[in-house]
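S.K.: fold the following.
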Amino acid sequence: MPSQMKDTIIYDSGCATSIFNDRKWFKTLEPLPQATQTLSASGDLVSTTMAGIASFTTTLSTGTEVTMEIEGALLQPSSPCNLIASVGLRHHGVLWDQNNDTLHHQDGSVLAELAYGLGVPVVNARPTPAPTFSAVAYRTMHRRLMHAGKQAVEITCHQAGIRLTGKTDHFCEPYMIAKMTDERSKEAPRHGDKPIDFIRVDLVTHDVASHLGHQYSIHIIDEHSNYY
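M.R.: Now for the predicted structure:
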């Protein structure tokens with residue numbers, strides 16, 4: 001099958017499950033509990049691990065845009081084209097009018113017009129644009145996702161179509177404390193094993209000057225003996 005058919009959607013009466021070859025066709029996509037084996041046109045078994053709701057938009061000759069969604073569609077990147085299973089559409093009341101070459105709902109509304117490519121009915125459609133989200137700061141999403149790790153936050157936002165800003169600002173004190181394996185003492189570490197080994201010196205400023213006009217004093221303490 002020609003490579004230009006890669007983005008083609010074929011209405012297939014012999015296909016049991018709708019198959020799409022790119023994530024761009026999916027509104028939602030989730031991993032399957034276990035891989036599903038499907039039989040390709042060449043007779044080969046192909047393993048599929050992802051499925052979801054496929055969504056595409058078509059423009060009718062009247063200028064009306066119609067968006068169709070297909071539940072339970074499989075993601076199969078190796079597929080040379082996209083296939084929509086007629087049996088699944090019939091289950092939801094969508095039928096093929098072979099006299100007018102249209103897909104219509106049982107209520108009479110036209111959903112898509114079919115053309116013929118390589119002798120098969122083809123839906124002239126394009127992927128439905130994904131909803132756009134405003135940019136969100138990494139720190140905000142990190143907290144919303146229960147302080148998840150940086151990689152998990154980036155993957156989740158990418159799958160949801162959320163653009164992250166401030167990716168380098170990922171320091172989170174609660175997260176770092178939660179990941180600590182060593183307990184820190186509440187007391188300052190002691191230095192020195194004998195007097196005069198370690199001396200602390202502080203300059204103290206007094207709000208009220210002494211009778212000689214002095215406002216500063218030096219506080220000296222020996223850490224080992226606490227003598228000052």
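S.K.: which parts of the lowest-mean-pLDDT helix or strand in the chain are buried?
M.R.: Ranked by mean pLDDT, DSSP states H and E, the weakest helix or strand in the chain is helix 173-179, scoring a mean of 72. Neighbour-count burial for helix 173-179, counted by 16 or more other C-beta atoms under 10 Å, picks out residue 175. (C-beta placed from N, C-alpha, C; glycine too.)
S.K.: who does that helix touch, helix- and strand-wise?
M.R.: Packed against helix 173-179, as judged by 3 or more C-beta pairs under 8 Å, 6 or more residues apart in numbering; DSSP states H and E, are no other helices or strands.
S.K.: any idea how far that helix is from the chain center?
M.R.: Using C-alpha atoms, centre = their mean, to the nearest Å, the mean C-alpha position of helix 173-179 is found 24 Å from that of the whole chain.
S.K.: again with stretch 58-72
M.R.: 26 Å.
S.K.: and the contacts of it?
M.R.: Contact with stretch 58-72 is made by 17-18, 27, 51, 53-57, 84, 88-89, 110-113, 123-126, 128, as judged by C-beta atoms under 8 Å, 6 or more residues apart in numbering.
S.K.: could you do stretch 98-112 as well?
M.R.: 11, 58, 60, 66, 68, 89, 93-97, 113-115, 121, 123-125.
S.K.: and the buried ones among these, selectable in ChimeraX?
M.R.: Buried members of the contacts of stretch 98-112, defined by 16+ other C-beta under 10 Å, are picked up in ChimeraX with:
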select :11,58,66,68,89,94,96,113,114,121,123,125
